[in-house]
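> Any chance you could fold what I've pasted below:
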Amino acid sequence: MPFDRDLFLPVSREDMARRGWDFYDFLLITGDAYVDHPSFGAAIIGRLLEADGYRVAVLAQPDWHSAAAFRSLGRPRLGVLIGAGNIDSMVAHYTAAKKRRRDDAYSPGRKAGLRPDHAAAVYSNRAREAFGDIPIVIGGLEASLRRFAHYDYWEDRVRRSILFDAQADILTYGMGELATREIAARYSLPHAGMNSSYFAYASKSIDFVTTGGISVLVLIGGYVVIQSIFRISIQDKIQSYGQLRTIGATPKQIRRIVKRESRRLGGV
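The predicted structure follows:
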């Protein structure tokens, strides 16, 4: 049955040429087959960005054995968005008994082996290899479950956050529509910048008045706390100082003890 390819997001250079595109904004990589239906997260994110005026191309289940497949659509203007698919790639590949599954429900013809283990991290590393210093955002089920240090059932060990293994810049947790919209808006600013560990505006100026005011408040608060601790400490030891005086301690010796106590408290 014939269908109009222009009703779908571009998946090839030919699709982009037919639309008259000589560039696109975001590359959306998914571990599932490309199904343009709201039950698939990649379709929702892609259509949401399209509705906001961005040009989005989809790379579904790319060959992860080299970076060549990731360059097939060219370099995106703003960034790469990556999701392992509707189901965790390890769950898609293995049973609870750690046996390899024979099929993949989210691949064409239920064919197994079209996505790698730990797909989100693998795709992200290949995208980094293909495009170098480009903003990479990972999200979806697989990334969300691994946002912190976590126990890996299949390897029987605790792994660090997927952000480290994936070399991604941002991880969106859970339903990513609002977060993706905000990220896209910030990426598209002409002077927006990204470093390797967090997202920030490169041109955003620091509010020195606010920063200075907060610093002064912190200093005043610290002084008041130290004074209070010092007074309480001295009051508790007045009786001890009196006993020292009765057994022959001079006022100079008492003052020296008090000064030593104040220096100790100031150091704390």
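
> which residues of the stretch 101-250 of the chain fall in helices?
119-131, 140-145, 162-166, 177-187, 208-246 (DSSP state H, counting those that start in this stretch).

> if I look at Leu7, how far off is Ser228?
Going from Leu7 to Ser228 by CB to CB, to the nearest Å gives 71 Å. Where you see a C-beta, it was placed from the backbone N, CA and C, and this is true even at glycine.

> Okay, now the unreliable bits of the stretch 151-268 of the chain?
For the stretch 151-268 of the chain, residues meeting the criterion pLDDT under 70 lie at 189-211, 226-227, 229-249, 254, 258, 261-268.

> okay, stretch 11-22 in CSV with CA atoms only?
Written as CSV, here are the backbone C-alpha positions of stretch 11-22 (Å, rounded to 0.1, in the frame of the first residue of the first chain):
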residue,chain,number,x,y,z
VAL,A,11,14.8,9.2,8.1
SER,A,12,17.2,9.7,5.2
ARG,A,13,18.9,12.4,3.2
GLU,A,14,16.4,11.8,0.4
ASP,A,15,13.5,12.6,2.8
MET,A,16,15.2,15.9,3.8
ALA,A,17,16.0,16.8,0.2
ARG,A,18,12.4,16.3,-0.7
ARG,A,19,11.4,18.8,2.0
GLY,A,20,14.0,21.2,0.7
TRP,A,21,16.2,21.0,3.9
ASP,A,22,19.9,21.7,3.6
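
> can you list contacts of that stretch?
5-6, 8, 10, 24, 34, 55, 57-60, 72-74 (CB atoms under 8 Å, 6 or more residues apart in numbering).

> wait, which of those is closest to Ser66?
Nearest to Ser66 out of those is Ser72 (CB to CB; 11.1 Å).

> Was I right to think that closest one contacts Leu59?
Yes - if you go by CB atoms under 8 Å, Ser72 and Leu59 touch, sitting 7.3 Å apart.
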